[in-house]
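**Q** Got a predicted structure plus its sequence, pasted below:
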Amino acid sequence: MEDLVMTLLKTSDRAIPTFPSFFDSFFSRDLMDWNNSNFSTTNSTLPAVNIRENDESFVIEVAAPGLAKENFKVNLDRNRLVISSEMRDEKTDNFKKYSRREFSYQSFERSFSLPEGTVDSENISAKYADGILLVSLPKREEIKPKPARDIEIL
């Protein structure tokens, strides 16, 4: 079953930044430029993702605080699960001598290749609460672990 979880994971040469590279990155960046970097080594705004497996299902947790469930889209096309989000915000303030107009646009997309024949695609569910999107991918009955049993010797 460990191989199934690994199929869902994206691998990276450097999953955990080393101590020296953290400090090198910290001191080399412009501290006043917080543009979309979120202090990540990839300079992206992709939310953190955890993938868990138990006997019954795989669970994908996406940390995306500040969004609403209406901002998300979860799509399954064959064995490819795509989780995306888009949020647009526009604010306008009118004063006597000037106007201020601010735009905000955030989006992301993460995709996962599901191991063929392992997920019950008809019963995939998603729930957003407390800043976490939980996508539950139930396993097909055929791949769930079976309890140990004694075999009669004839």
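**A** Alright, I've got the coordinates.
**Q** for residue 140, what are its contacts?
**A** 117-120 (CB atoms under 8 Å, 6 or more residues apart in numbering). For glycine as for every other residue, the C-beta is placed from the backbone atoms N, C-alpha and C.
**Q** Residue 86 too?
**A** 71, 73, 105-107.
**Q** ditto for residue 142
**A** Contacts of residue 142 (CB under 8 Å, 6+ apart): residue 117.
**Q** Return the distance of it relative to residue 79.
**A** 16 Å (CB to CB, to the nearest Å).
**Q** now do residue 95
**A** 54 Å.
**Q** Counting neighbours, go ahead and name the busier of those two.
**A** residue 79 (15 against 7; other CB atoms under 10 Å).
**Q** Give the closest residue to that one in space, chain neighbours not counted.
**A** With sequence-adjacent residues excluded and distances taken as CB to CB, 6 or more residues apart in numbering, residue 79 is closest to residue 114, at 4.5 Å.
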